[in-house]
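Q: Got a predicted model here, sequence first, then my questions.
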Amino acid sequence: MQGRSPTEGWSSRLGVVLGVAASAVGLGNFLRFPGQVVENGGGAFMLPYFVALLLLGVPLGWVEWTIGRHGGARGFHSAPAIMGLIGGRPARYAGVLGVLIPISVYMYYVLIESWCLHYAYRYLTGDTGFGPGSHAEASKALFASVSGIAEGGLDSGEAFRRALFWAVACGLNVWFLRRGLSRGIELFCRWAMPAMALCALVVLVRVLTLGTPDAAFPERNVTAGLGFLWNPDLSKLADFKTWMAAAGQIFFSLSLGFGVIINYASYLRPKDDVALSSLTSSATNEVFEITFGGLITVTAAFVFLGASGAAGGTFGLGFQTLPVVFEHLPLGRMFGFLWFFMLFLAAVTSSLSMLQPAKAFIQEALEVPSERAVWLIALLATLGSSIVLFFSKGLVVLDTVDFWIGTFGIFVLATVQIICFGWVMGVDKGFDEAAVGAALKIPRIFRFIVKYVAPIYLLVVFVGFCVQNLPGYAAAFQDSPLAVLAGGLILLVLGLLLVATRIGEKRWTREQSGAAP
Amino acid sequence: MTLGGWLMLSASLGATWTLAVFCYVRLLRSPSPPESSAPPQGDEPAGTTEADSARQ
């Protein structure tokens, strides 16, 4: 039993709720969500968004929380071991995705986290590089300097600073991971969540009180900015892509199919509530997404830059457009610092949750003590991340890992999970298990939704997503050596995790038969 | 901003905040199960869950 980690646990129910919510609240809430709304019909996007929340997000949350607690009650905390409990060998190996996804995403996510810290530092010290010339050019130069997108990560004079912030972000994650669940991750999330809300609230109040800052452009005002984001274009509802984008956003935003919720829920006690806790975590994430994501970025960008400036992808909006906005804003340096510090906190709470599943897995598979598991995971994650840092040109490696793991992989894992729960474990048995200790009665209609509606919904969205994106990303392997490198990195990590699963498999099977209820 | 925009914004904010307030009020009011009343002290001895205890 040396490798097992019964020593870890949440110190309170609020702690686990905040932990899961903090894992879900990340850059996607503040930057990806508004971009998706603008691109997919404005306010009309919210209709498929809430449908996806009701039919996919909330039920999948219950599924993952219940599976996690089910495994934890039998002494297991890693996705392969827990999934193996339910679906045997095939599910156990599919469960490897529940470790591969978080640790691979960590490898690039911690890098983006270091950008946020770097930006916050630049705003704090006033070293943003904005001068009397073009703000747009200065903002591009700032992003290039921080991210290394124009050249390799360690190829320029900025290399030392880039590596330094990256090392600080990596070190911080490992330090909190080492402190354990309740004294590390939970403690950090307990103060980071209110701090994030406070920073975002200050920026939100500033944005909503901007009025019409430039008299030369009276049409650029706060109300028009909100309208740019929220005015519904109902014709978009007839477009399949809008429904797919809404389902995708719900998915990524709630960290479903990521392997994190299963791991976090496995530290619950056998009679701890999962029904209300899961719903509360989802609700917290939605409050952050719609209140702060839906009101700050696009509105601010529209007020200063007009419609063309307010449209853009995650990185464009967050790291290139907003710095231009802060440059126009009175006390912009302070608001810039608050904004990027808030993004940094959001990123840390998410990246921390990505290491814990891998740590639990190493402990269980290799039977090593917690301390050694932390260092093994830190070594693997940091080496992988250093590759993303070093080969940062064009952000090809980052983008490739994000697609195959952070997008494609989570669809696969979520499908496996919901099929295991609804069809292998049995939907009635699963919901009866969810009802143990529940502080909220889950309506019976969700049994039907989990068994039939959600899997079909998920498969339709997944197939649509593959048709839309797979050819382009598959072709990238032929054109770009960096994409091949990223693919190799993923395969290497997958190989290591499969070997570890093979090592732990015999013992798990023996213990699972011993622990079967 | 059109009336439709205001409606979508108000409905979205209203729905999420109502759900969140409902959840937190219910969470804080509902009693914790007995097992949760003693928080783990960071490095508890093995056997803190029913399954662990049963196996030992």
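A: That came in fine, so what should we check first? Numbers count the residues shown, from 1 in each chain, chains lettered A, B, ... in the order given.
Q: What is the three-state secondary structure of the closest residue to A:Asn29 other than its chain neighbours?
A: In this structure, A:Asn29 finds its nearest non-sequential neighbour in A:Glu289, 4.2 Å apart by C-beta to C-beta, 6 or more residues apart in numbering or on different chains. For glycine as for every other residue, the C-beta is placed from the backbone atoms N, C-alpha and C. Three-state call for A:Glu289 (DSSP: H, G, I helix; E, B strand; the rest coil): helix.
Q: Let me see the contact set for the closest residue to A:Leu181 other than its chain neighbours.
A: Nearest non-adjacent residue to A:Leu181, counting by C-beta to C-beta, 6+ apart: A:Glu8, 4.3 Å away. Contact partners of A:Glu8, counting by C-beta atoms under 8 Å, 6 or more residues apart in numbering or on different chains, are A:77, A:180-182, A:267, A:370, B:40.
Q: any idea which element A:Glu8 lies in?
A: Secondary structure from DSSP states H and E places A:Glu8 outside every helix and strand.
Q: if I look at it, how far off is A:Met83?
A: With distances taken as C-beta to C-beta, to the nearest Å, A:Glu8 is found 20 Å from A:Met83.
Q: repeat for A:Thr415
A: Taking C-beta to C-beta, one finds A:Thr415 at 12 Å from A:Met83.
Q: Looking at these two now, which is surrounded by more residues?
A: Between A:Thr415 and A:Met83, counted using other C-beta atoms under 10 Å in any protein chain shown, the more crowded position is A:Met83 (29 against 17).
Q: Excluding chain neighbours, give the residue nearest to that one in space.
A: Leaving out its chain neighbours, the residue that sits closest to A:Met83 by C-beta to C-beta, 6+ apart is A:Gly95, at 3.2 Å.
Q: In the stretch 401-517 of chain A, mark out all the helices, start to finish.
A: Counting by DSSP state H, counting those that start in this stretch, the segments of the stretch 401-517 of chain A that form helices are A:410-419, A:427-435, A:445-448, A:454-479, A:481-515.
Q: what about those helices, which gets the closest to chain B?
A: The closest of these to chain B is helix A:481-515. By C-beta to the nearest C-beta, the value is 5.5 Å.
Q: which residues sit in contact with the residue of the stretch 151-300 of chain A found nearest chain B?
A: For the stretch 151-300 of chain A, the residue closest to chain B is A:Gly227, as judged by C-beta to the nearest C-beta, at 3.3 Å. By C-beta under 8 Å, 6+ apart, the contact list for A:Gly227 reads B:1-2, B:5.
Q: Then A:Phe50?
A: With the criterion set at C-beta under 8 Å, 6+ apart, A:Phe50 makes contact with B:12, B:15.
Q: Look at it and report its pLDDT.
A: Looking at A:Phe50, its pLDDT is 95.
Q: separation between it and A:Leu380?
A: With C-beta to C-beta as the criterion, A:Phe50 and A:Leu380 are 39 Å apart.
Q: Could you do B:Tyr24 as well?
A: 38 Å.
Q: more crowded one of these two?
A: Neighbour tally, B:Tyr24 and A:Leu380, criterion other C-beta under 10 Å: the higher count belongs to A:Leu380, 19 against 16.
Q: The more buried one sits in which helix or strand?
A: Under the criterion of DSSP H and E, A:Leu380 resides in helix A:370-390.
Q: Over that helix, what's the mean pLDDT, rounded is fine.
A: For helix A:370-390, mean pLDDT is 95.
Q: And for that helix, what's in contact with it?
A: Applying C-beta under 8 Å, 6+ apart, the set of residues contacting helix A:370-390 from outside is A:3, A:5, A:7-8, A:103-104, A:106-108, A:110-111, A:148, A:152-154, A:162-163, A:166, A:170, A:174, A:177-178, A:180, A:355, A:358-360, A:362-363, A:366, A:368, A:397-398, A:401, A:485, A:489, A:493, A:496.
Q: Tell me which entries of the residues you listed lie within strands.
A: Among these, DSSP state E puts none in strands.
Q: Would you mind checking the residues you listed for buried ones?
A: By neighbour count, with 16 or more other C-beta atoms under 10 Å in any protein chain shown, the contacts of helix A:370-390 hold A:3, A:5, A:7-8, A:103-104, A:106-108, A:110-111, A:148, A:153-154, A:162-163, A:166, A:170, A:174, A:177, A:180, A:355, A:358-360, A:362-363, A:366, A:368, A:397-398, A:401, A:485, A:489, A:493 as buried.
Q: which of the helices of the stretch 401-517 of chain A is buried the deepest?
A: Ranked by average neighbour count under the criterion mean count of other C-beta atoms under 10 Å in any protein chain shown, these are headed by helix A:410-419 at a mean of 22.
Q: Just want the phi and psi numbers for A:Pro232.
A: Main-chain dihedrals, A:Pro232, degrees, to the nearest 10: phi -80, psi 140.
Q: Next: A:Leu226.
A: Phi and psi for A:Leu226, reported as degrees, to the nearest 10, are phi -60, psi -40.
Q: What ranges in the chain fall below the confidence cut-off?
A: In the absence of a named chain, chain A is used. Residues of chain A that meet the criterion pLDDT under 70 lie in A:1-7, A:152-156, A:312, A:512, A:514-517.
Q: you looked at the wrong chain, it should be chain B
A: For chain B, the stretches with pLDDT under 70 are B:33-56.
Q: So which residues of it form helices?
A: Along chain B, the segments classed as helices by DSSP state H run B:3-29, B:50-55.
Q: Next: the stretch 101-250 of chain A.
A: According to DSSP H, counting those that start in this stretch, the stretch 101-250 of chain A carries its helices in the segments A:135-147, A:159-178, A:187-208, A:222-230, A:240-253.
Q: Any chance of these in CSV with distance to A:Gly71 as columns?
A: Formatted as CSV, the helices of the stretch 101-250 of chain A follow (distance: least, C-beta to C-beta, whole Å):
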stretch, distance to A:Gly71
helix A:135-147, 38
helix A:159-178, 20
helix A:187-208, 22
helix A:222-230, 41
helix A:240-253, 22
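Q: Show me just the buried residues among the contacts of A:Gly227.
A: With burial judged by 16+ other C-beta under 10 Å, the buried subset of the contacts of A:Gly227 is B:1, B:5.
Q: Check the contacts of A:Gly227 one by one and keep those near chain A.
A: When C-beta under 8 Å from any C-beta of the partner chain is applied, the members of those adjacent to chain A are B:1-2, B:5.
Q: Right, I'll call it a day here.
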